[in-house]
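> pasting the structure only:
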């Protein structure tokens, strides 16, 4: 069965089946384990199903809070896992580019589900910083290029983090959308980091963060 609340869709359809609501011109299809395809008036978006994501109109606030907590724990676990793979691709026998894409996709899903740095328990071993950079990048994608919908009114990143990295992220986003650049001079990024953070990291770390942001942009707003 399916129930609609505003523009959210809750479906109890089993994997491998489809359910359609004619009153809202929307449909939900599940084609393989763990993945749900939600179509809004013909626009299809892929979302992974996490236990506790769905619910009906008769849920209590307590049950919804528990479901939200299970979803956030699951997403936090996935982001930690994919970040560890990103930092140790040889250990997991994967390419760095593939590990980076998987981490970005997991972080995008968490952003869309309304997760935030304030409530999620993400290990502070660099993972939180990388997740925050992806989320700040998503917030700077223009609507004309497919800005992602976020199901929450809570800010994704906290104020201090945003103040520290907004210049760094904005430089790369401007270069990508205004000048169609897929790279950015490292010396300018180092200078920006020195101004906003009071110090600058080695070039290889700067380049890794820049690649993370460019990969996020190419994933959600591919220009060429």
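On my side now, so go ahead. Remember, it's a predicted structure, so these values are computed and weren't measured experimentally.
> Based on its surroundings, how many neighbours for residue 150?
Number of residues near residue 150 (other CB atoms under 10 Å) recorded here: 18. Backbone N, C-alpha and C define where each C-beta goes, glycine included.
> Let me know the distance separating it from residue 110.
10 Å (CB to CB, to the nearest Å).
> Residue 170 too?
The value you get for residue 170 to residue 110, if CB to CB is used, is 22 Å.
> what about the two, which has more around it?
Summary of the neighbour comparison: residue 170 and residue 110, criterion other CB under 10 Å, with residue 110 having more neighbours (24 against 14).
> next helix or strand past the helix or strand encompassing residue 129?
Element membership of residue 129 [criterion: DSSP states H and E] is helix 127-139. For helix 127-139, the succeeding helix or strand toward the C-terminus, using DSSP H and E, is helix 159-178.
> Just the residues contacting that following helix, thanks.
117, 129, 132-133, 136-137, 140-142, 145, 155, 181-182, 184, 188-189, 192-193, 195-197, 209-210, 213-214, 217, 221, 223 (CB atoms under 8 Å, 6 or more residues apart in numbering).
> need the helices for this protein, in chain order.
61-87, 96-112, 127-139, 159-178, 186-197, 203-220 (DSSP state H).
> Dump the ones you listed into a markdown table; add mean pLDDT and distance to residue 121 as well.
Conversion of those to a markdown table gives the following (pLDDT from 0 to 100; distance: least, CB to CB, whole Å):
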| stretch | mean pLDDT | distance to residue 121 |
| --- | --- | --- |
| helix 61-87 | 72 | 6 |
| helix 96-112 | 95 | 12 |
| helix 127-139 | 94 | 10 |
| helix 159-178 | 94 | 16 |
| helix 186-197 | 91 | 25 |
| helix 203-220 | 95 | 21 |
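> buried set for stretch 190-198?
Of the residues in stretch 190-198, those buried by neighbour count under the rule 16 or more other CB atoms under 10 Å are 190, 192-193.
> Redo the residues you listed as a markdown table? Include distance to residue 77.
As requested, those are exported to a markdown table (distance: CB to CB, whole Å):
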| residue | distance to residue 77 |
| --- | --- |
| 190 | 34 |
| 192 | 33 |
| 193 | 30 |
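> Pretty sure residue 220 sits against residue 143.
No: no contact is recorded between residue 220 and residue 143 when judged using CB atoms under 8 Å, the distance being 11.9 Å.
> contacting residues for residue 205?
Under the criterion of CB under 8 Å, 6+ apart, the contact list for residue 205 is empty.
> same question but for residue 118, I mixed them up
If you count contacts by CB under 8 Å, 6+ apart, then residue 118 has 154-155, 158 around it.
> wait, which of those is closest to residue 204?
Using CB to CB, the shortest approach to residue 204 within the contacts of residue 118 belongs to residue 158, at 26.9 Å.
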